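Colleague: Please work out how this folds:
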Amino acid sequence: SIYQHCHFVAGHWSRYSSANNHLIGEAAGLLVGAITWPYWRDSARWRESAFDILSREAQRQTCSDGVNREQAISYQQFVFDFLLIAGFAARAQGQDFSAGYWNNIERMIEFIASVMDCAGQVPMIGDADDGYAVALSREADFCPYRSMLNTGAVLFERPGLTAKAGRADDKTRWLLGDGPGLPEAHRGPASQKPVRTAFPEGGYYILGSDYGTGDEIRMVADAGPLGYLSIAAHGHADALALVLSVGGEEILIDPGTYAYHTQKRWRDYFRGTAAHNTVCVDHLDQSVSGGNFMWLRHAGTEGVNWQESPEGARLSARHDGYARLPDAVVHTRSVRFERPERRFIIADELSCKAGHDVERFWHFGENCRVEEDASGLTVRSGAKTIRLILDSPPPAARNLYKGSEQPLSGWVSRRFDVKQPTFTLVENHRINSTATLQAVIECD
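Modeller: Prediction:
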(Lines give C-alpha, C1' and ligand atoms only; values in the text may rest on other atoms or scores of the structure.)
Protein backbone atom coordinates (compact mmCIF):
# COMPACT_ATOMS: atom_id res chain seq x y z
CA SER A 1 0.00 0.00 0.00
CA ILE A 2 2.78 2.47 0.90
CA TYR A 3 4.65 1.61 -2.30
CA GLN A 4 1.52 2.12 -4.40
CA HIS A 5 0.85 5.48 -2.77
CA CYS A 6 4.42 6.68 -3.37
CA HIS A 7 4.45 5.35 -6.93
CA PHE A 8 1.17 7.12 -7.75
CA VAL A 9 2.17 10.47 -6.21
CA ALA A 10 5.52 10.45 -8.01
CA GLY A 11 3.75 9.96 -11.34
CA HIS A 12 0.89 12.41 -10.83
CA TRP A 13 2.22 15.66 -9.39
CA SER A 14 -0.17 18.61 -9.23
CA ARG A 15 0.93 20.82 -12.12
CA TYR A 16 0.23 24.18 -13.72
CA SER A 17 -2.68 26.06 -12.13
CA SER A 18 -3.08 23.35 -9.46
CA ALA A 19 0.54 23.52 -8.28
CA ASN A 20 -0.40 25.12 -4.98
CA ASN A 21 -0.60 23.60 -1.49
CA HIS A 22 -1.48 20.28 -3.14
CA LEU A 23 2.02 20.04 -4.62
CA ILE A 24 3.67 20.80 -1.28
CA GLY A 25 1.53 18.17 0.45
CA GLU A 26 2.34 15.57 -2.20
CA ALA A 27 6.08 16.24 -1.97
CA ALA A 28 6.04 16.17 1.83
CA GLY A 29 4.19 12.85 1.83
CA LEU A 30 6.54 11.30 -0.73
CA LEU A 31 9.64 12.52 1.09
CA VAL A 32 8.50 11.10 4.42
CA GLY A 33 7.41 7.86 2.73
CA ALA A 34 10.73 7.43 0.93
CA ILE A 35 12.71 8.14 4.10
CA THR A 36 10.61 5.85 6.29
CA TRP A 37 10.53 2.97 3.80
CA PRO A 38 13.85 3.15 1.89
CA TYR A 39 13.57 -0.45 0.70
CA TRP A 40 12.53 -0.10 -2.93
CA ARG A 41 14.59 0.59 -6.00
CA ASP A 42 12.61 3.84 -6.51
CA SER A 43 13.00 5.16 -2.95
CA ALA A 44 16.19 7.17 -3.49
CA ARG A 45 14.80 8.78 -6.66
CA TRP A 46 11.52 9.63 -4.93
CA ARG A 47 13.38 11.15 -2.02
CA GLU A 48 15.51 13.40 -4.22
CA SER A 49 12.57 14.45 -6.38
CA ALA A 50 10.42 15.36 -3.37
CA PHE A 51 13.32 17.18 -1.70
CA ASP A 52 13.90 19.30 -4.79
CA ILE A 53 10.19 20.15 -5.15
CA LEU A 54 9.91 21.21 -1.51
CA SER A 55 13.08 23.30 -1.72
CA ARG A 56 11.62 25.15 -4.70
CA GLU A 57 7.97 25.42 -3.67
CA ALA A 58 8.67 26.59 -0.13
CA GLN A 59 10.16 29.72 -1.67
CA ARG A 60 7.77 29.99 -4.61
CA GLN A 61 4.54 29.70 -2.61
CA THR A 62 5.57 32.02 0.23
CA CYS A 63 6.18 35.75 -0.09
CA SER A 64 9.50 37.07 1.14
CA ASP A 65 7.64 38.57 4.12
CA GLY A 66 6.20 35.20 5.19
CA VAL A 67 2.66 35.43 3.75
CA ASN A 68 1.41 32.32 1.98
CA ARG A 69 0.55 33.25 -1.61
CA GLU A 70 -2.83 31.54 -1.43
CA GLN A 71 -3.94 34.65 0.54
CA ALA A 72 -5.74 32.29 2.93
CA ILE A 73 -4.56 32.25 6.54
CA SER A 74 -5.83 28.74 7.25
CA TYR A 75 -3.66 27.42 4.44
CA GLN A 76 -0.69 29.11 6.09
CA GLN A 77 -0.87 26.66 9.01
CA PHE A 78 -1.65 23.75 6.66
CA VAL A 79 1.42 24.32 4.47
CA PHE A 80 3.55 25.13 7.53
CA ASP A 81 3.05 21.62 8.92
CA PHE A 82 3.99 19.95 5.65
CA LEU A 83 7.17 22.00 5.39
CA LEU A 84 8.02 21.52 9.06
CA ILE A 85 7.57 17.76 9.19
CA ALA A 86 9.35 17.20 5.89
CA GLY A 87 12.18 19.36 7.22
CA PHE A 88 12.46 17.33 10.42
CA ALA A 89 12.41 14.05 8.48
CA ALA A 90 15.16 15.17 6.12
CA ARG A 91 17.26 16.62 8.94
CA ALA A 92 17.04 13.35 10.88
CA GLN A 93 18.52 11.55 7.89
CA GLY A 94 21.40 13.99 7.46
CA GLN A 95 19.98 15.72 4.38
CA ASP A 96 18.93 19.06 5.79
CA PHE A 97 17.20 21.74 3.79
CA SER A 98 18.91 25.06 3.16
CA ALA A 99 19.00 27.96 5.61
CA GLY A 100 16.61 29.75 3.24
CA TYR A 101 14.06 26.96 3.66
CA TRP A 102 14.11 27.29 7.45
CA ASN A 103 14.14 31.09 7.29
CA ASN A 104 11.00 30.83 5.18
CA ILE A 105 9.29 28.81 7.93
CA GLU A 106 10.34 31.34 10.55
CA ARG A 107 8.87 34.21 8.51
CA MET A 108 5.59 32.31 8.19
CA ILE A 109 5.42 32.14 11.99
CA GLU A 110 6.20 35.85 12.28
CA PHE A 111 3.26 36.74 10.07
CA ILE A 112 0.85 34.72 12.22
CA ALA A 113 2.31 36.29 15.38
CA SER A 114 1.73 39.74 13.89
CA VAL A 115 -1.92 39.34 12.88
CA MET A 116 -2.87 37.42 16.06
CA ASP A 117 -4.65 39.55 18.65
CA CYS A 118 -4.02 39.51 22.39
CA ALA A 119 -6.60 36.75 22.85
CA GLY A 120 -4.84 34.47 20.35
CA GLN A 121 -7.34 34.95 17.52
CA VAL A 122 -6.39 35.39 13.85
CA PRO A 123 -8.58 36.76 11.04
CA MET A 124 -10.39 34.21 8.85
CA ILE A 125 -9.03 35.68 5.61
CA GLY A 126 -9.46 33.49 2.53
CA ASP A 127 -10.61 29.89 2.37
CA ALA A 128 -10.60 27.48 5.32
CA ASP A 129 -11.89 23.92 5.61
CA ASP A 130 -10.68 22.87 9.10
CA GLY A 131 -7.95 20.78 7.46
CA TYR A 132 -4.77 19.77 9.26
CA ALA A 133 -1.69 18.02 7.93
CA VAL A 134 -1.37 16.14 11.24
CA ALA A 135 -3.60 15.76 14.29
CA LEU A 136 -1.14 15.31 17.13
CA SER A 137 -3.11 17.19 19.76
CA ARG A 138 -6.55 16.31 21.11
CA GLU A 139 -6.75 19.16 23.57
CA ALA A 140 -10.16 20.82 23.55
CA ASP A 141 -8.61 24.28 23.23
CA PHE A 142 -5.96 23.36 20.66
CA CYS A 143 -5.26 26.15 18.19
CA PRO A 144 -2.99 25.48 15.18
CA TYR A 145 -1.85 29.09 15.10
CA ARG A 146 -0.79 29.17 18.75
CA SER A 147 0.94 25.86 18.15
CA MET A 148 2.93 27.45 15.32
CA LEU A 149 4.17 30.09 17.76
CA ASN A 150 5.11 27.48 20.36
CA THR A 151 7.03 25.50 17.75
CA GLY A 152 8.78 28.63 16.51
CA ALA A 153 9.76 29.64 20.03
CA VAL A 154 11.73 26.41 20.49
CA LEU A 155 12.91 25.78 16.94
CA PHE A 156 14.27 29.28 16.41
CA GLU A 157 15.11 30.05 20.07
CA ARG A 158 12.55 32.85 20.32
CA PRO A 159 10.77 32.32 23.66
CA GLY A 160 8.87 35.60 23.29
CA LEU A 161 6.62 33.93 20.73
CA THR A 162 5.02 31.85 23.49
CA ALA A 163 3.45 34.92 25.09
CA LYS A 164 0.32 34.53 22.95
CA ALA A 165 0.48 30.76 22.69
CA GLY A 166 0.25 30.23 26.44
CA ARG A 167 1.07 26.73 27.59
CA ALA A 168 2.86 24.29 25.34
CA ASP A 169 0.55 22.14 23.24
CA ASP A 170 0.78 18.38 22.66
CA LYS A 171 1.54 18.75 18.95
CA THR A 172 4.66 20.77 19.69
CA ARG A 173 5.69 18.26 22.35
CA TRP A 174 5.33 15.35 19.91
CA LEU A 175 7.43 17.12 17.30
CA LEU A 176 10.09 18.72 19.52
CA GLY A 177 10.07 16.89 22.82
CA ASP A 178 9.22 18.27 26.25
CA GLY A 179 12.42 20.07 27.10
CA PRO A 180 13.20 23.33 28.88
CA GLY A 181 12.22 25.33 25.82
CA LEU A 182 8.56 24.41 26.37
CA PRO A 183 7.34 26.08 29.58
CA GLU A 184 3.95 25.05 30.84
CA ALA A 185 2.83 28.69 30.71
CA HIS A 186 4.43 31.82 29.39
CA ARG A 187 2.60 35.09 29.07
CA GLY A 188 3.93 38.60 28.83
CA PRO A 189 2.51 41.69 27.15
CA ALA A 190 5.92 43.03 26.11
CA SER A 191 6.32 40.29 23.48
CA GLN A 192 2.78 40.53 22.11
CA LYS A 193 3.59 43.40 19.77
CA PRO A 194 3.47 42.57 16.08
CA VAL A 195 6.80 41.24 14.89
CA ARG A 196 6.20 43.51 11.91
CA THR A 197 3.32 45.82 11.00
CA ALA A 198 3.85 45.84 7.24
CA PHE A 199 3.89 42.86 4.89
CA PRO A 200 4.20 44.65 1.54
CA GLU A 201 4.57 41.62 -0.70
CA GLY A 202 1.75 39.67 0.95
CA GLY A 203 -0.26 42.88 1.15
CA TYR A 204 -1.26 43.04 4.85
CA TYR A 205 -0.81 45.99 7.20
CA ILE A 206 -1.47 46.29 10.93
CA LEU A 207 -2.69 49.51 12.53
CA GLY A 208 -3.19 49.82 16.27
CA SER A 209 -1.80 50.41 19.72
CA ASP A 210 -1.43 49.02 23.25
CA TYR A 211 -0.58 45.56 21.94
CA GLY A 212 -0.84 42.71 24.39
CA THR A 213 -2.89 44.65 26.93
CA GLY A 214 -6.57 44.91 27.73
CA ASP A 215 -6.59 48.18 25.75
CA GLU A 216 -5.18 46.63 22.59
CA ILE A 217 -6.42 47.88 19.23
CA ARG A 218 -5.41 45.73 16.25
CA MET A 219 -6.72 46.35 12.74
CA VAL A 220 -5.53 44.20 9.82
CA ALA A 221 -5.97 45.79 6.40
CA ASP A 222 -5.86 43.74 3.19
CA ALA A 223 -4.10 45.39 0.27
CA GLY A 224 -2.83 42.18 -1.29
CA PRO A 225 -3.50 40.17 -4.44
CA LEU A 226 -6.53 37.91 -4.90
CA GLY A 227 -4.67 34.61 -4.63
CA TYR A 228 -2.07 32.28 -6.12
CA LEU A 229 -1.58 31.33 -9.76
CA SER A 230 -4.08 31.92 -12.54
CA ILE A 231 -7.11 30.46 -10.76
CA ALA A 232 -6.41 32.00 -7.30
CA ALA A 233 -8.36 29.02 -5.97
CA HIS A 234 -8.55 29.89 -2.28
CA GLY A 235 -8.62 33.67 -2.40
CA HIS A 236 -11.70 35.76 -1.67
CA ALA A 237 -12.84 38.95 -3.41
CA ASP A 238 -11.80 41.02 -0.40
CA ALA A 239 -9.53 43.77 -1.73
CA LEU A 240 -9.11 46.63 0.78
CA ALA A 241 -11.12 44.81 3.46
CA LEU A 242 -10.55 45.46 7.17
CA VAL A 243 -10.83 43.42 10.36
CA LEU A 244 -10.68 44.91 13.84
CA SER A 245 -10.07 43.47 17.31
CA VAL A 246 -10.25 45.60 20.47
CA GLY A 247 -8.94 44.19 23.74
CA GLY A 248 -9.17 40.69 22.28
CA GLU A 249 -12.81 41.18 21.30
CA GLU A 250 -13.45 40.62 17.59
CA ILE A 251 -15.43 43.64 16.36
CA LEU A 252 -15.11 43.73 12.57
CA ILE A 253 -14.61 40.24 11.18
CA ASP A 254 -14.03 38.31 8.01
CA PRO A 255 -17.05 35.96 8.10
CA GLY A 256 -15.14 32.86 6.95
CA THR A 257 -15.84 30.22 4.28
CA TYR A 258 -18.69 27.81 5.19
CA ALA A 259 -18.74 25.66 2.01
CA TYR A 260 -16.57 24.55 -0.92
CA HIS A 261 -18.31 22.14 -3.28
CA THR A 262 -21.93 22.32 -2.20
CA GLN A 263 -24.55 25.04 -1.88
CA LYS A 264 -23.25 27.28 -4.66
CA ARG A 265 -25.23 30.29 -3.48
CA TRP A 266 -23.52 30.17 -0.10
CA ARG A 267 -20.10 29.46 -1.62
CA ASP A 268 -20.46 32.50 -3.85
CA TYR A 269 -21.61 34.64 -0.94
CA PHE A 270 -18.86 33.83 1.56
CA ARG A 271 -16.06 34.27 -0.99
CA GLY A 272 -17.70 37.33 -2.56
CA THR A 273 -17.15 41.02 -1.95
CA ALA A 274 -20.43 41.48 -0.03
CA ALA A 275 -19.13 39.18 2.73
CA HIS A 276 -16.17 41.46 3.50
CA ASN A 277 -15.65 44.85 5.10
CA THR A 278 -15.10 46.74 1.87
CA VAL A 279 -17.04 48.40 -0.95
CA CYS A 280 -19.13 46.74 -3.66
CA VAL A 281 -20.08 48.49 -6.93
CA ASP A 282 -23.27 47.70 -8.88
CA HIS A 283 -23.82 44.56 -6.78
CA LEU A 284 -20.85 42.84 -8.46
CA ASP A 285 -17.84 41.08 -6.97
CA GLN A 286 -14.51 42.81 -7.41
CA SER A 287 -13.17 39.71 -9.20
CA VAL A 288 -15.02 37.52 -11.71
CA SER A 289 -15.68 33.94 -10.63
CA GLY A 290 -15.40 30.99 -12.98
CA GLY A 291 -16.36 28.26 -10.49
CA ASN A 292 -15.92 27.14 -6.91
CA PHE A 293 -12.12 27.29 -7.13
CA MET A 294 -11.49 29.60 -10.05
CA TRP A 295 -11.40 33.32 -10.62
CA LEU A 296 -11.41 34.38 -14.26
CA ARG A 297 -10.50 38.01 -13.67
CA HIS A 298 -8.46 39.15 -10.69
CA ALA A 299 -8.86 42.50 -8.98
CA GLY A 300 -5.37 43.96 -8.71
CA THR A 301 -4.29 46.17 -5.82
CA GLU A 302 -1.81 48.96 -6.43
CA GLY A 303 -0.68 52.39 -5.27
CA VAL A 304 -0.04 51.25 -1.70
CA ASN A 305 1.18 54.03 0.58
CA TRP A 306 2.05 53.03 4.16
CA GLN A 307 3.27 55.40 6.88
CA GLU A 308 3.76 54.82 10.59
CA SER A 309 4.72 57.23 13.37
CA PRO A 310 4.33 57.62 17.15
CA GLU A 311 1.05 59.43 16.47
CA GLY A 312 -0.47 56.56 14.51
CA ALA A 313 -0.44 55.01 11.06
CA ARG A 314 -1.84 55.67 7.61
CA LEU A 315 -2.55 53.32 4.71
CA SER A 316 -3.97 54.03 1.29
CA ALA A 317 -4.36 51.73 -1.72
CA ARG A 318 -6.61 51.20 -4.72
CA HIS A 319 -7.82 48.27 -6.79
CA ASP A 320 -8.95 47.92 -10.40
CA GLY A 321 -11.62 45.25 -9.97
CA TYR A 322 -14.36 47.52 -11.33
CA ALA A 323 -12.30 48.95 -14.17
CA ARG A 324 -13.97 46.24 -16.27
CA LEU A 325 -17.31 48.09 -16.16
CA PRO A 326 -18.42 50.13 -19.21
CA ASP A 327 -17.86 53.17 -17.01
CA ALA A 328 -14.69 52.18 -15.17
CA VAL A 329 -14.70 52.63 -11.39
CA VAL A 330 -11.52 52.73 -9.32
CA HIS A 331 -11.87 52.23 -5.57
CA THR A 332 -9.26 53.91 -3.37
CA ARG A 333 -9.42 53.34 0.38
CA SER A 334 -7.51 55.43 2.91
CA VAL A 335 -7.32 54.40 6.56
CA ARG A 336 -5.82 56.71 9.18
CA PHE A 337 -5.31 55.60 12.77
CA GLU A 338 -4.93 58.37 15.34
CA ARG A 339 -3.28 56.75 18.31
CA PRO A 340 -3.94 59.37 21.05
CA GLU A 341 -7.65 59.52 20.11
CA ARG A 342 -7.92 55.72 19.56
CA ARG A 343 -9.74 56.52 16.35
CA PHE A 344 -9.79 55.33 12.73
CA ILE A 345 -10.83 57.58 9.86
CA ILE A 346 -11.77 55.62 6.74
CA ALA A 347 -12.31 57.28 3.37
CA ASP A 348 -13.49 55.38 0.28
CA GLU A 349 -13.12 57.26 -2.98
CA LEU A 350 -14.96 55.91 -6.04
CA SER A 351 -13.54 57.48 -9.20
CA CYS A 352 -15.94 57.31 -12.15
CA LYS A 353 -17.87 59.43 -14.67
CA ALA A 354 -21.40 58.00 -14.58
CA GLY A 355 -23.96 56.67 -12.09
CA HIS A 356 -23.41 53.59 -9.93
CA ASP A 357 -24.95 51.79 -6.97
CA VAL A 358 -22.42 51.50 -4.18
CA GLU A 359 -22.66 49.37 -1.03
CA ARG A 360 -20.29 49.48 1.92
CA PHE A 361 -20.30 46.55 4.34
CA TRP A 362 -19.54 46.26 8.05
CA HIS A 363 -19.55 42.69 9.41
CA PHE A 364 -19.52 42.34 13.20
CA GLY A 365 -18.46 39.43 15.38
CA GLU A 366 -21.23 37.15 16.61
CA ASN A 367 -20.67 38.25 20.22
CA CYS A 368 -21.32 41.89 19.33
CA ARG A 369 -24.38 43.78 20.49
CA VAL A 370 -25.32 46.45 17.98
CA GLU A 371 -27.47 49.56 18.50
CA GLU A 372 -28.37 51.96 15.69
CA ASP A 373 -28.80 55.70 15.98
CA ALA A 374 -29.04 58.61 13.59
CA SER A 375 -25.32 58.90 12.89
CA GLY A 376 -24.27 55.28 12.94
CA LEU A 377 -23.86 52.40 15.37
CA THR A 378 -22.70 51.62 18.88
CA VAL A 379 -21.14 48.16 19.01
CA ARG A 380 -20.36 46.32 22.25
CA SER A 381 -18.54 43.04 22.75
CA GLY A 382 -17.59 41.91 26.21
CA ALA A 383 -16.39 45.02 28.05
CA LYS A 384 -15.38 46.81 24.84
CA THR A 385 -17.35 49.41 22.90
CA ILE A 386 -16.78 51.13 19.58
CA ARG A 387 -18.69 53.84 17.76
CA LEU A 388 -19.09 53.58 13.99
CA ILE A 389 -19.99 57.01 12.63
CA LEU A 390 -21.11 57.21 9.01
CA ASP A 391 -19.67 60.65 8.53
CA SER A 392 -20.40 61.84 5.00
CA PRO A 393 -22.32 61.69 2.82
CA PRO A 394 -25.21 60.02 4.64
CA PRO A 395 -26.25 56.80 2.88
CA ALA A 396 -29.42 56.83 0.81
CA ALA A 397 -30.41 53.80 2.86
CA ARG A 398 -28.83 51.54 5.42
CA ASN A 399 -29.92 48.12 6.58
CA LEU A 400 -28.87 46.07 9.57
CA TYR A 401 -29.15 42.34 8.87
CA LYS A 402 -28.80 39.30 11.09
CA GLY A 403 -29.16 35.84 9.57
CA SER A 404 -30.89 37.12 6.43
CA GLU A 405 -31.39 34.77 3.49
CA GLN A 406 -33.00 37.34 1.21
CA PRO A 407 -30.64 38.99 0.65
CA LEU A 408 -27.85 36.82 2.02
CA SER A 409 -26.32 38.91 4.77
CA GLY A 410 -25.48 38.71 8.45
CA TRP A 411 -23.66 35.37 8.72
CA VAL A 412 -20.40 34.02 10.09
CA SER A 413 -18.83 30.57 9.67
CA ARG A 414 -16.28 29.54 12.30
CA ARG A 415 -16.19 25.91 11.15
CA PHE A 416 -16.55 24.25 7.79
CA ASP A 417 -20.21 23.55 6.92
CA VAL A 418 -21.42 25.46 10.00
CA LYS A 419 -22.79 29.00 9.95
CA GLN A 420 -24.60 31.21 12.44
CA PRO A 421 -26.27 34.63 12.38
CA THR A 422 -24.39 37.80 13.20
CA PHE A 423 -24.92 41.49 12.56
CA THR A 424 -24.00 43.10 9.23
CA LEU A 425 -24.60 46.75 8.39
CA VAL A 426 -25.01 47.60 4.69
CA GLU A 427 -24.81 51.19 3.52
CA ASN A 428 -26.47 51.95 0.17
CA HIS A 429 -25.27 54.93 -1.84
CA ARG A 430 -26.11 56.20 -5.31
CA ILE A 431 -23.25 58.14 -6.89
CA ASN A 432 -23.36 59.98 -10.21
CA SER A 433 -19.64 60.75 -10.55
CA THR A 434 -16.53 60.57 -8.39
CA ALA A 435 -17.52 60.50 -4.71
CA THR A 436 -15.91 59.88 -1.32
CA LEU A 437 -17.59 58.01 1.54
CA GLN A 438 -16.17 58.66 4.97
CA ALA A 439 -16.59 56.77 8.22
CA VAL A 440 -15.07 57.07 11.70
CA ILE A 441 -14.46 54.28 14.20
CA GLU A 442 -13.91 55.38 17.79
CA CYS A 443 -12.59 52.74 20.21
CA ASP A 444 -13.11 53.04 23.96
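Colleague: quick one: buried residues of stretch 14-31?
Modeller: For stretch 14-31, burial by neighbour count (16 or more other CB atoms under 10 Å) applies to 14, 19-21, 23-31. All C-beta spots, glycine's among them, are computed from the backbone N, C-alpha and C.
Colleague: tell me what the longest helix that the chain contains is packed against?
Modeller: If you go by DSSP state H, the chain has its longest helix at helix 73-92. Secondary-structure packing of helix 73-92 (3 or more CB pairs under 8 Å, 6 or more residues apart in numbering; DSSP states H and E): helix 21-36, helix 43-60, helix 99-115, helix 144-155, helix 170-176.
Colleague: ok, so of the buried residues of stretch 14-31, who is nearest Q71?
Modeller: Among the buried residues of stretch 14-31, N20 lies closest to Q71 (CB to CB), at 11.1 Å.
Colleague: May I have the phi/psi pair for that closest one?
Modeller: phi -110, psi -130 (degrees, to the nearest 10).
Colleague: pretty sure it is in contact with A233, am I right?
Modeller: Yes. Judged on CB atoms under 8 Å, N20 makes contact with A233 at a distance of 6.4 Å.
Colleague: Common neighbours of the two, please.
Modeller: Common contact partners of N20 and A233 (CB atoms under 8 Å, 6 or more residues apart in numbering): E70.
Colleague: re the thing from before, nearest to F88, out of the helices and strands packed on helix 73-92?
Modeller: Nearest of the helices and strands packed on helix 73-92 to F88, taken as CB to CB: helix 170-176 at 6.7 Å.
Colleague: how far out from the middle of the chain is that closest one?
Modeller: 25 Å (CA atoms, centre = their mean, to the nearest Å).
Colleague: List the contacts of the next helix or strand along the chain from it.
Modeller: Sequence-wise, the next helix or strand downstream of helix 170-176 (DSSP states H and E) is strand 198-199. Applying CB under 8 Å, 6+ apart, the external contacts of strand 198-199 come out as 63, 65-67, 111, 114, 205-206, 306, 308.
Colleague: and strand 198-199, how far from the chain's centre?
Modeller: On the basis of CA atoms, centre = their mean, strand 198-199 sits 13 Å off its chain's mean C-alpha point.
Colleague: again with stretch 109-126
Modeller: Its chain's C-alpha centre lies 8 Å from the corresponding centre of stretch 109-126 when counted by CA atoms, centre = their mean.
Colleague: That stretch: end-to-end distance?
Modeller: Its first and final residues considered, stretch 109-126 spans 18 Å by CA to CA, to the nearest Å.
Colleague: Return the set of buried residues in it.
Modeller: Going by 16+ other CB under 10 Å, stretch 109-126 has these buried residues: 109-118, 120-126.
Colleague: Let me see the mean pLDDT of it.
Modeller: The pLDDT scores in stretch 109-126 average 97.
Colleague: One more: stretch 307-326?
Modeller: On average, stretch 307-326 scores 98.
Colleague: related to what we said a few turns ago, would you check which pair of the buried residues of stretch 14-31 lies furthest apart?
Modeller: Maximum pairwise distance among those (CB to CB): 17.9 Å, between N20 and L31.
Colleague: Can you name the residues that contact the residue most central in space within the chain?
Modeller: When CA atoms, centre = their mean is applied to the chain, the residue found nearest the centroid is I125 (3.2 Å). Each residue near I125 by CB under 8 Å, 6+ apart is listed here: 71-73, 220, 222, 236, 238, 241, 243, 254.
Colleague: Can you list the buried residues in the lowest-mean-pLDDT helix or strand in the chain?
Modeller: Each helix and strand of the chain was given a mean pLDDT (mean pLDDT, DSSP states H and E); the minimum falls on helix 162-165 at a mean of 82. The neighbour-count check on helix 162-165 (16+ other CB under 10 Å) flags 162-165 as buried.
Colleague: three-state assignment of the nearest residue to A439 once chain neighbours are set aside?
Modeller: Nearest non-adjacent residue to A439, counting by CB to CB, 6 or more residues apart in numbering: I346, 4.7 Å away. I346 falls in the strand class when you classify it by DSSP: H, G, I helix; E, B strand; the rest coil.
Colleague: since we're on I346, how many residues are nearby?
Modeller: Residues contacting I346 under the criterion other CB atoms under 10 Å number 22.
Colleague: just G212 next, same as before
Modeller: G212 has 20 nearby residues by other CB under 10 Å.
Colleague: thinking again about what came up before, the least confident helix or strand of the chain: how far from the chain's middle?
Modeller: 19 Å.
Colleague: Show me what it is packed against.
Modeller: Secondary elements touching helix 162-165 (3+ CB pairs under 8 Å, 6+ apart): helix 144-155.
Colleague: can we see that at 10 Å?
Modeller: When contacts are defined as 3 or more CB pairs under 10 Å, 6 or more residues apart in numbering; DSSP states H and E, helix 162-165 packs onto helix 99-115, helix 144-155.
Colleague: Could you identify which of those is most buried?
Modeller: helix 144-155 (a mean of 24; mean count of other CB atoms under 10 Å).
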